[in-house]
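# 3D model of this:
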Amino acid sequence: MLQKKKPKIAILSLRNSYCYGGVLTSLKMLYEFCSRYFEPTVFFLGFDHEISTSLRHGTFSSSHRHVTYFGMNCVEVGARWAFWEPGHYAYTHKEWETLLAEFHYFVAVSGTCIAAHPLALLHKKYGLFIATPYQEDRSERVKQLSAPRKIIDMMAQKSMLAIEKNILEKAGYIWAMSSYCLEKFKRIAELDNRRLACCGFPLDCSTLPVLTHKKEKTIVALGRFSDPRKNLPMLMRVFDGIYKALGSAKLYVIGHRPSDEMLRPFMDMPSFKKIIFTGQVSTGDLAHVLSQSCLMLLTSYQEGFGIAGIEAMLHGTPVIATRCGGPEDFVIEGVTGYLVAINDDAAMQEKALVLLKDKNKRITMAYNAQRFVVEHYDIPLVYDAFKKGFVQMHPELQDWFNRCDSYYKKQSSCGAVFHGIKEKGRENTCC
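I've put the predicted structure just below:
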């Protein structure tokens with residue numbers, strides 16, 4: 001069988017400090033996709049004083065280092081003058097040029113498009129897999145900044161918005177995670193519809209979770225609730241109202257536990273003792289909680305998509321969400337869940353109680369939710385959207401994708417399974 005070395009692709013992204021969340025989930029997924037067809041390397045900005053400039057540590061130059069991040073081959077590029085966001089990539093322009101010189105294909109994945117700034121500066125042809133506009137991604141977090149940081153942030157805004165517009169307009173293809181963010185991007189920049197797609201997020205639907213293990217009055221919320229965008233106060237108030245009406249309801253809050261300072265206003269509520277903060281959990285434990293939950297509450301101020309929502313729906317858990325953007329693609333009113341206005345506690349409580357009190361409606365909605373995910377977000381559907389975008393940018397990849405898919409199909413028929421991040425030794429050849 002003909003063996004051909006996979007072409008190299010650079011994936012530009014962000015590395016967060018808390019090691020979970022939508023950006024990391026999206027990065028790992030895209031790395032897995034790219035590993036099927038390319039030899040991927042992830043690049044992200046670093047702020048460690050060992051590789052970046054730091055007045056505190058007396059370092060005035062930056063460098064890079066090779067690291068492994070959740071099994072992915074990565075390069076961390078040190079920043080210069082971290083306090084000034086418009087210069088994060090511009091000040092290290094030459095370093096990026098050297099590091100990216102050996103790559104033929106480029107894609108950026110993050111919440112916003114800013115991680116692709118080096119690609120725009122270097123006039124590369126690149127794709128974007130992104131979920132939210134720059135301004136909306138940070139509108140709630142900015143409120144938490146100190147006064148000096150707010151001043152610096154205000155000074156940087158005009159430059160950052162110009163950078164965002166330039167990145168969007170230079171992109172060869174944009175995969176937007178939701179129709180909400182797609183429309184937002186169109187308002188920011190002049191974009192060609194032929195290089196745009198709304199693709200969602202892929203989930204493995206090959207083996208569907210059983211929908212018969214639901215526990216009465218069990219509710220789940222999933223997210224990084226230390227982020228003010230997640231709107232923890234609304235979640236606490238809504239559950240308190242549900243608890244007062246039913247008495248025996250229980251809420252699982254999955255993700256990093258919010259600080260005591262954030263929780264203190266709610267600790268005296270009678271419902272607080274019925275809230276279980278699980279912290280971060282394994283994939284298996286998450287699946288177990290979702291499979292037992294009757295419904296999910298999503299109270300965010302803003303979501304570019306809301307991966308947690310479709311994860312819940314795959315397990316037959318209907319979603320009651322605020323009209324915060326992305327979830328409006330998959331929360332179909334009265335079919336897979338309900339939508340309410342942001343901070344409309346009464347409306348969310350009412351919809352939750354309707355489901356919790358009506359078992360037949362819950363069962364119907366559970367099957368609807370799972371079927372919707374299978375029909376819209378199964379892995380082959382989203383992977384096809386990725387391939388279409390790459391071929392739009394690089395027509396020569398069509399034949400390569402076909403050959404690789406044929407190879408993997410033959411391997412699968414022989415019982416072999418592809419694992420892009422885990423497989424070693426054979427991942428750089430195909431077909």
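# in this protein, what secondary structure element scores lowest on mean pLDDT?
strand 429-430 (a mean of 48; mean pLDDT, DSSP states H and E).
# Which neighbouring elements make contact with the longest helix along the chain?
For the chain, the longest helix by residue count, based on DSSP state H, is helix 147-170. Other helices and strands packing on helix 147-170, by 3 or more Cβ pairs under 8 Å, 6 or more residues apart in numbering; DSSP states H and E, are helix 117-121, strand 126-130, helix 134-142, helix 179-188. (Each C-beta comes from the backbone N, C-alpha and C, glycine too.)
# Pick the most deeply packed of those.
Among these, the stretch with the highest mean neighbour count (mean count of other Cβ atoms under 10 Å) is strand 126-130, at a mean of 27.
# tell me the pLDDT at Ser17?
Note for Ser17: predicted pLDDT of 64.
# follow-up on the earlier one: least confident of the helices and strands packed on helix 147-170, on average?
Among the helices and strands packed on helix 147-170, helix 134-142 scores lowest, with a mean of 77.
# now it and helix 147-170, what's the angle there?
Here the directions of helix 134-142 and helix 147-170 differ by 160 degrees (axes from the mean of the first three to the mean of the last three Cα atoms, to 10 degrees).
# Just the C-alpha atoms of helix 134-142, please, in PDB.
Written as PDB, here are the backbone C-alpha positions of helix 134-142 (Å, rounded to 0.1, in the frame of the first residue of the first chain):
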ATOM      1  CA  TYR A 134     -14.200  39.700  20.800                       C
ATOM      2  CA  GLN A 135     -16.300  42.300  22.500                       C
ATOM      3  CA  GLU A 136     -19.100  39.900  23.600                       C
ATOM      4  CA  ASP A 137     -16.600  37.400  24.900                       C
ATOM      5  CA  ARG A 138     -15.300  39.800  27.500                       C
ATOM      6  CA  SER A 139     -18.100  42.200  28.200                       C
ATOM      7  CA  GLU A 140     -18.900  40.700  31.600                       C
ATOM      8  CA  ARG A 141     -15.300  39.900  32.600                       C
ATOM      9  CA  VAL A 142     -14.200  43.500  32.000                       C
END
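# Show me what it packs onto, helices and strands only.
Partner elements for helix 134-142 (3+ Cβ pairs under 8 Å, 6+ apart): helix 147-170.
# For burial, what's the neighbour tally of Glu375?
As a burial measure, Glu375 scores 10 neighbours (other Cβ atoms under 10 Å).
# Show me which residues of the longest helix of the chain are buried.
The neighbour-count check on helix 147-170 (16 or more other Cβ atoms under 10 Å) flags Asp153, Ala156, Met160, Ile163, Glu164, Lys165, Asn166, Ile167, Leu168, Lys170 as buried.
# for whichever helix or strand comes after that helix, which positions count as buried?
Counting by DSSP states H and E, the next helix or strand C-terminal to helix 147-170 is strand 173-176. By neighbour count on 16+ other Cβ under 10 Å, the buried set for strand 173-176 is Tyr173, Ile174, Trp175, Ala176.
# do the same with stretch 81-91
Ala82, Glu85, Pro86, Gly87, His88, Tyr89.
# Check stretch 193-207 too.
Arg195, Leu196, Ala197, Cys198, Cys199, Gly200, Phe201, Pro202, Leu203, Cys205.
# show me the contacts for the closest residue to the first one other than its chain neighbours.
When you say that, I think you mean Arg195. Distance criterion Cβ to Cβ, 6 or more residues apart in numbering; nearest residue to Arg195, sequence neighbours excluded, is Tyr173 at 4.8 Å. By Cβ atoms under 8 Å, 6 or more residues apart in numbering, Tyr173 lies in contact with Gly127, Leu128, Arg195, Leu196, Ala197, Gly389, Phe390, Gln392, Met393.
# so who does the fifth one touch?
Residues near Ala197 by Cβ under 8 Å, 6+ apart: Tyr173, Ile174, Trp175, Ala176, Ala385, Lys388, Gly389.
# same check, this time on the fourth one
Neighbouring residues of Leu196 by Cβ under 8 Å, 6+ apart: Tyr173, Ile174, Ala176, Leu182, Phe185, Lys186.
# distance of the closest residue to the second one other than its chain neighbours from Ala108?
Spelled out, that is Ile174. Nearest non-adjacent residue to Ile174, counting by Cβ to Cβ, 6+ apart: Leu128, 4.7 Å away. To Ala108, Leu128 is 5 Å away according to Cβ to Cβ, to the nearest Å.
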